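S.K.: Pasting the sequence and the predicted coordinates here, then a few questions.
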Protein chains: 2
Amino acid sequence: MSQEIFLGKPCDMHVHLRDGVMCQLVTPTVAAGGITTAYVMPNLTPPITTVDQVQKYYKELQELSPETQFLMSMYLNASTTAESVKEAAESGIVYGYKLYPAGVTTNSSQGVDLSTPEGLESLFPVFEALQKYNMILNLHGEVPPDNEGAVNVLNAEPLFLPQLRLLHKSFPLLRIVLEHCTTKLAVDTVNAINIEDKELGKALTVAGSITAHHLWITIDDWAGCPVNFCKPVAKTAADRSALISAAISGKPWFFLGSDSAPHPTNPAKLGPLKIAAGVFTQPYILSYIAEVFEKANALDKLKGFVTDIPTKFYEITPAKGEKCVYVVKSENPVFIKDTLSDPNGKFNVIPFRAGEPCNWNIVYK
Amino acid sequence: MSQEIFLGKPCDMHVHLRDGVMCQLVTPTVAAGGITTAYVMPNLTPPITTVDQVQKYYKELQELSPETQFLMSMYLNASTTAESVKEAAESGIVYGYKLYPAGVTTNSSQGVDLSTPEGLESLFPVFEALQKYNMILNLHGEVPPDNEGAVNVLNAEPLFLPQLRLLHKSFPLLRIVLEHCTTKLAVDTVNAINIEDKELGKALTVAGSITAHHLWITIDDWAGCPVNFCKPVAKTAADRSALISAAISGKPWFFLGSDSAPHPTNPAKLGPLKIAAGVFTQPYILSYIAEVFEKANALDKLKGFVTDIPTKFYEITPAKGEKCVYVVKSENPVFIKDTLSDPNGKFNVIPFRAGEPCNWNIVYK
């Protein structure tokens, strides 16, 4: 008899749907992977910074996948003002702003220079507006590389954590998500902030999102393996354990944000000189996570992580549609596809754990 | 006026010259890069384990580059015995044995299982014979990955260091080289062993070799860049500083072993799934190092690092040939080639820092 778990209307609070042909290929995989609500990242080229752009993008996505609820975000850069935040809020489709420190990952060159305290403080009017309009601030929580080499891919996230604390202290009512936590220190920091706030009777406003692939891989899995290379990079086994513990904790400040980031295998994931950062998990996102939760004997916490906790933190109405999502354990594992190809044969994308067996399938009913 | 530094007869105590077409391509680059004596690694497929094999390989190399002095090594695996060490010693061309823990790098699947103390101890008769015949033990100093993830690419070298100490304690007269040191801890350990030995009036028998690329790069330089990926991986800026300090220290236990490891760009350095470990530095090896020593204001220590110290530790006669090697600082930098190609167009190899300027050139006179 197969095991079946009711998940309701699962959310993925960090997806990259790109534009053009790639967008057409990956947008339908959101629903195929069992996700009914997707929070869409704005790092296109050019980045999404105006209401016109976000409305056009929203329409494109809806046409590609009418059954999916898309929550849109805007790209926070030096051109963002309190006024533009107000305008975005009034559009009714924008839920938050994504802040990238300049130079940390794919298409982040237009991000904000956070290398000085002044860089962050120059944005205070924007944060003030986000707080006022009850929008989310999504943080790519890494400091950029420095010239002296004191910052590296391993400590870039830990070194950002003081800035998270500073932000929260300055804007205690602003809802902040530390995206794609990869370190024990990030988990500990988000926990500590919430425990302190709880003791002081403050509202929950700081959360951490966790990807599927960081529950699976460590540094050894991307060293020499371009498809597993992403930013922030996967760290050690101890960090991975901390992430798994957070994901299965049931704490109302940890939830799924897959950071599924498709790149065309050729040329982006081929060497020899420069590999694009990003792991593509969208089509199998719940399958990967169910397997981790099963191994951790925590399947009872799965619905919280992917549905209840993000729905509550983002203060959203679950996606419409009659059917709900279940993950079903299969006696005969399905093997993850080696590639997903654009129907016109222009390019392909390799999913995470390509060719590996997958015991958990998605069913809508 | 150009600056010129006399280096005499420089040695590279760790080179990979491969076989077949690759061997024909890279063997002449030893002399072209300014090296007169090269200690040749035995990890071919199949590995060099018999005197017949090593004699054949030696002859091939000599035909390809008659001006180079090749010091040959044998692959230490489970088939190695005290008797085979004696035979190798008597061949007159074998200077040492390379020990790879199984599974740590390119062609190391036939290495020794060192995951248990018994694994190391099973080789004690071999080490005894190496000591007796005054041969070198060259160590790839990393423990293999474990199933629990306690070992990773960052700590694999530090975790090996207790085994270095155990070996030295058990065979105090055996000359051991910890190859391609990459961590501050490895540098500190080799220093500590030698300081202790010196205080006790013991002979110098434990050395560490250092590559050129580990004096240049850190983890951020190979994350997402296949041509810079090697094992042991480059670590942090603090580790790199420790390696530079060791290289310029003039201490008689640190010298050059480039671990120059050519791989055909296609397919070995292309993704998307698996990248071969190895950085190719041979054609420009002294140029890379001269630049590092120049920046560190230590050009007066260059000859020690590449010539005097390895010649003395290996107890060798400098290479024959009338001409000596100089590095000359050029007013107009030469740019490092983008690739080295096999004349038949079968493949190419990308050198380290391809396309970058290089201020120091090699002159024989």
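M.R.: In hand now; what should we look at?
S.K.: which parts of the lowest-mean-pLDDT helix or strand in chain A are buried?
M.R.: When the helices and strands of chain A are compared on mean pLDDT, DSSP states H and E, helix A:117-121 comes out lowest with a mean of 78. The neighbour-count check on helix A:117-121 (16 or more other CB atoms under 10 Å in any protein chain shown) flags A:Leu120 as buried. All C-beta atoms are positioned from the backbone trio N, CA, C, and that covers glycine.
S.K.: can you check stretch A:9-24 too?
M.R.: Within stretch A:9-24, the residues scored as buried using 16+ other CB under 10 Å are A:9-18, A:22-24.
S.K.: Does it reach chain B?
M.R.: No: Stretch A:9-24 does not reach chain B (CB under 8 Å from any CB of the partner chain); its nearest approach is 15.9 Å.
S.K.: and that stretch, how far apart are its ends?
M.R.: Using CA to CA, to the nearest Å, one end of stretch A:9-24 lies 23 Å from the other.
S.K.: Ok, stretch A:244-255 next?
M.R.: 11 Å.
S.K.: Pull the residues that contact that stretch.
M.R.: A:11, A:13, A:181, A:187, A:190-191, A:194, A:204, A:206-210, A:215, A:256, A:289, A:292-293, A:296, A:298, A:301, A:304-306, A:309-310, A:312-313 (CB atoms under 8 Å, 6 or more residues apart in numbering or on different chains).
S.K.: I'd like to know which of these are buried.
M.R.: A:11, A:13, A:181, A:187, A:190-191, A:194, A:206-210, A:215, A:256, A:289, A:292-293, A:298, A:301, A:304-306, A:309-310, A:313.
S.K.: Helices - which of those residues land there?
M.R.: A:Val187, A:Val190, A:Asn191, A:Asn194, A:Ile289, A:Val292, A:Phe293, A:Ile309, A:Pro310, A:Phe313 (DSSP state H).
S.K.: all helices for chain A, in order.
M.R.: A:20-32, A:51-64, A:82-91, A:117-121, A:124-132, A:161-170, A:184-199, A:219-222, A:237-247, A:265-268, A:285-295, A:302-303, A:309-313.
S.K.: angle of the second one against helix A:20-32?
M.R.: Between helix A:51-64 and helix A:20-32, the angle comes out at 60 degrees (axes from the mean of the first three to the mean of the last three CA atoms, to 10 degrees).
S.K.: Ok, the third one next?
M.R.: Computed with the same axes, to 10 degrees, the direction of helix A:82-91 lies at 50 degrees from that of helix A:20-32.
S.K.: got the angle between helix A:82-91 and helix A:124-132?
M.R.: 20 degrees.
S.K.: and helix A:82-91, which residues are buried?
M.R.: A:Ala82, A:Ser84, A:Val85, A:Ala88, A:Ala89.
S.K.: and which of those is nearest A:Cys358?
M.R.: Nearest to A:Cys358 among the buried residues of helix A:82-91: A:Ala88, at 38.1 Å, using CB to CB.
S.K.: That closest one: what's its closest spatial neighbour, skipping adjacent residues?
M.R.: A:Val94 (4.1 Å; CB to CB, 6 or more residues apart in numbering or on different chains).
S.K.: likewise A:Ile362?
M.R.: Leaving aside its sequence neighbours, A:Ile362 sits nearest to A:Gly34 (CB to CB, 6+ apart; 3.8 Å).
S.K.: Please tell me how far the residue nearest to A:Ala88 sits from A:Asp239.
M.R.: 33 Å (CB to CB, to the nearest Å).
S.K.: and the residue in the stretch 201-350 of chain A that chain B sits nearest to, what pLDDT?
M.R.: Of all residues in the stretch 201-350 of chain A, A:Ala237 sits closest to chain B, at 2.9 Å by CB to the nearest CB. With respect to pLDDT, A:Ala237 scores 97.
S.K.: who's in contact with it?
M.R.: A:Thr218, B:Glu148, B:Gly149, B:Ala150, B:Asn152.
S.K.: Kindly calculate the angle that the strand of greatest length in chain A makes with helix A:285-295.
M.R.: Of all the segments of type strand in chain A, defined by DSSP state E, the longest one is strand A:325-335. Counting by the same axes, to 10 degrees, strand A:325-335 lies at 90 degrees to helix A:285-295.
S.K.: Provide a list of residue ranges in the stretch 1-150 of chain A with pLDDT below threshold.
M.R.: For the stretch 1-150 of chain A, applying pLDDT under 70 flags the ranges A:1, A:115-116.
S.K.: Which positions in it make contact with chain B?
M.R.: A:Pro145, A:Glu148, A:Gly149, A:Ala150.
S.K.: how about TSV for those, with distance to B:Leu61 and neighbour count added?
M.R.: Below are those laid out as TSV (distance: CB to CB, whole Å; neighbours: other CB atoms under 10 Å in any protein chain shown):
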residue	distance to B:Leu61	neighbour count
A:Pro145	41	17
A:Glu148	42	7
A:Gly149	38	16
A:Ala150	43	13
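S.K.: ok, the closest residue to chain B within the stretch 51-200 of chain A - contacts?
M.R.: The minimum distance from the stretch 51-200 of chain A to chain B, using CB to the nearest CB, falls at A:Gly149 (2.9 Å). With contact set as CB under 8 Å, 6+ apart, A:Gly149 has these partners: B:Thr218, B:Asp220, B:Thr236, B:Ala237, B:Arg240.
S.K.: got it, and A:Tyr314?
M.R.: Here A:Tyr314 is in contact with A:Cys11, A:Met13, A:Tyr39, A:Leu71, A:Tyr95, A:Ile136 (criterion: CB under 8 Å, 6+ apart).
S.K.: List the residues that contact the last one.
M.R.: Taking CB under 8 Å, 6+ apart, we find A:Ile136 in contact with A:Ser73, A:Tyr95, A:Gly96, A:Tyr97, A:Leu130, A:Arg175, A:Ile176, A:Val177, A:Tyr314.
S.K.: follow-up on the earlier one: which of the buried residues of stretch A:9-24 sits closest to A:Lys198?
M.R.: A:Met13 (21.9 Å).
S.K.: Can you list the buried residues in stretch A:310-325?
M.R.: Applying 16+ other CB under 10 Å to stretch A:310-325 flags A:Pro310, A:Thr311, A:Phe313, A:Tyr314, A:Ile316, A:Pro318, A:Ala319, A:Cys324, A:Val325 as buried.
S.K.: same deal with stretch A:27-47?
M.R.: Counting neighbours by 16+ other CB under 10 Å, stretch A:27-47 gives A:27-31, A:33-44, A:47 as buried.
S.K.: Show the backbone phi and psi for the residue of the stretch 51-200 of chain A closest to chain B.
M.R.: Per-residue torsions, A:Gly149: phi 80, psi 10 (degrees, to the nearest 10).
S.K.: Would you mind listing what in the stretch 201-350 of chain A touches chain B?
M.R.: Counting by CB under 8 Å from any CB, the stretch 201-350 of chain A sits next to chain B at A:218-220, A:222-227, A:229, A:233, A:236-237, A:240, A:265, A:269-277, A:350.
S.K.: Now which of those residues would you call buried?
M.R.: Counted by 16+ other CB under 10 Å, these give A:218-220, A:222-227, A:229, A:233, A:236-237, A:240, A:265, A:269-273, A:275-277, A:350 as buried.
S.K.: quick revisit: helices and strands around the longest strand of chain A, which ones?
M.R.: strand A:4-8, helix A:285-295, strand A:357-364 (3 or more CB pairs under 8 Å, 6 or more residues apart in numbering or on different chains; DSSP states H and E).
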